[in-house]
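Student: mind looking at a prediction? Sequence and model below.
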Amino acid sequence: MDYTHDFEKVRRIDKKIVYKLWDLGCDLYFEESLAHHVNFRLGGNVPLLIVPNNKIGLIETLKLLKCEEFDYRILGNGTNIIPTDKSKDFAVISTERINEVRIKEGIVYASAGVSFKSLCLAASENSLSGLEKAYGLPGSVGGAIYMNAGCYGWETAENVVSIEVFDGNEIFEMKPDEAKFGYRNSVFKNERSLIILGAKFRLAHGKKDEILELMTETMRKRYEKQPLEYPSAGSVFKRPRPDFYVGTAIESLGLKGYQIGGAQVSEKHAGFIINKNNATASDVLKLIDFIKTKVKEHYNVELETEVEIWD
Ligand SMILES: Cc1cc2nc3c(=O)[nH]c(=O)nc-3n(C[C@H](O)[C@H](O)[C@H](O)COP(=O)(O)OP(=O)(O)OC[C@H]3O[C@@H](n4cnc5c(N)ncnc54)[C@H](O)[C@@H]3O)c2cc1C
């Protein structure tokens, strides 16, 4: 494809927007496959992937796209997303370079793009305790706040003191009760105009060796039980009620290893679907529907996905 001479004809985005984004210092990727950016390694193209290089760049990008009425999605580390195979009409803004960590008197500020693992490591280096059970949680700080990620009895909301939010017009500090945290839920899931810029976490002083030991123990549990060696988006379904273990239920139906196209119910953990062999999003979505039907038939339980489907 020769796109050197006629920008508008081959790009699905206005040249004026592109020039403004370059002026803001963003890196731009045109007709970018989301498969390169989500952990599941599948999904169609977006007309533009925008990578702002600092927080101001991110804010100005958000203002610009709002003003131009160009639809967008925010991408953290892409560990909880299934983008469908078709080409999208929206741009994607990555927070990967918005990654500052500051620590003062037991309060850790981390901006949205900081990986949760880096946050846990920064806390441990400073002998701060509270995030040990989160060590190994894939994804970014923004993604963890967005869905109140949790594991091993710990939830993101537990340590949050405040969240730095941009609402399209201004930046403000949101208190945890305003964030309406619930099980894998927060206000950000329902209000897409609210963008998480960062968050402050309260941690307690502890003994570094004990913190590190618990972190290592947590990480071991993960790689012993979860198929980390394959692309996935983690647990596919929410737990419908506290006493219903989705993985166990799927396993009881003999579905471990069940495959549609390149997507497979993990043999290691039936709550995970893995990209076993060049799966498409369509393979994964068919497998999700199949599992939902079987679980409904046998347990009369409606499963809801924990992963986000970007259509
Ligand atoms: C192997 C594996 C294990 C996992 N284990 C767990 C687990 O134990 N517990 C758990 O809860 N989850 C788990 N997950 C799911 C996932 O890691 C978490 O949900 C994580 O918090 C998602 O973060 P992310 O940065 O990857 O978000 P993304 O996948 O990039 O995005 C998820 C959603 O958050 C939104 N978002 C991201 N950043 C922002 C922002 N700054 N402002 C507004 N919206 C934003 C996105 O638009 C999107 O809608 C696992 C996933 C994998 C692959």
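Tutor: Cool, got the structure. Numbers count the residues shown, from 1 in each chain.
Student: how about low-confidence regions in this protein?
Tutor: Filtered on pLDDT under 70, the chain yields the residue ranges 1-11.
Student: do that again at 80, thanks
Tutor: Applying pLDDT under 80 to the chain flags residues 1-12.
Student: within range of the ligand, give me the residues from it.
Tutor: Residues of the chain lying near the ligand by Cβ under 6 Å from any ligand atom: 39, 73-81, 95, 112, 137-140, 142-144, 146-147, 149-151, 188, 195-196, 226, 228, 232-234, 308. The way it works is simple: take the backbone N, C-alpha and C, and place the C-beta from them, glycine included.
Student: what subset of those is buried?
Tutor: Buried members of these, counted by 16 or more other Cβ atoms under 10 Å: 39, 73-81, 95, 112, 137-140, 142-144, 146-147, 149-151, 188, 195-196, 226, 228, 232-234.
Student: which of the residues you listed fall in strands?
Tutor: Among those, the residues falling in strands (DSSP state E) are 73, 74, 75, 81, 150, 151, 195, 196, 232, 233, 234.
Student: switch these over to a markdown table; also include distance to residue 175.
Tutor: Output for those, formatted as a markdown table (distance: Cβ to Cβ, whole Å):
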| residue | distance to residue 175 |
| --- | --- |
| 73 | 26 |
| 74 | 22 |
| 75 | 26 |
| 81 | 28 |
| 150 | 20 |
| 151 | 24 |
| 195 | 17 |
| 196 | 14 |
| 232 | 34 |
| 233 | 30 |
| 234 | 28 |
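Student: now the two most distant members of those residues.
Tutor: 195 and 232 (26.1 Å; Cβ to Cβ).
Student: so residue 219: helix, strand or coil?
Tutor: Secondary structure, DSSP: H, G, I helix; E, B strand; the rest coil: residue 219 is helix.
Student: next one: residue 110
Tutor: strand.
Student: quick one: residues contacting it.
Tutor: 100, 101, 118, 119, 122, 141, 198, 199, 201 (Cβ atoms under 8 Å, 6 or more residues apart in numbering).
Student: likewise for residue 120?
Tutor: Residue 120 neighbours (Cβ under 8 Å, 6+ apart): 131, 132, 134, 135, 137, 215.
Student: dihedrals phi and psi, the closest residue to the first one other than its chain neighbours?
Tutor: Among residues not flanking residue 131 along the chain, residue 120 sits closest, at 4.6 Å (Cβ to Cβ, 6 or more residues apart in numbering). Main-chain torsions, residue 120, degrees, to the nearest 10: phi -60, psi -40.
Student: quick one, strands of the stretch 51-200 of the chain?
Tutor: With DSSP state E, counting those that start in this stretch, the ranges of strands along the stretch 51-200 of the chain come out as 72-75, 81-83, 91-94, 101-104, 107-111, 128-129, 150-151, 154-155, 160-166, 171-174, 195-202.
Student: for these, which one sits closest to residue 295?
Tutor: Residue 295 lies closest to strand 81-83 among the strands of the stretch 51-200 of the chain, at 18.5 Å (Cβ to Cβ).
Student: relative to the closest one, what are the paired strands and their orientations?
Tutor: As defined by DSSP bridges, the strand partners of strand 81-83 come to strand 308-310 (parallel).
Student: and the contacts of the strand it pairs with?
Tutor: 34, 43, 73, 80, 81, 82, 83, 84, 88, 285.
Student: just say helix, strand or coil for residue 20.
Tutor: Assigned by three-state DSSP, the conformation of residue 20 is helix.
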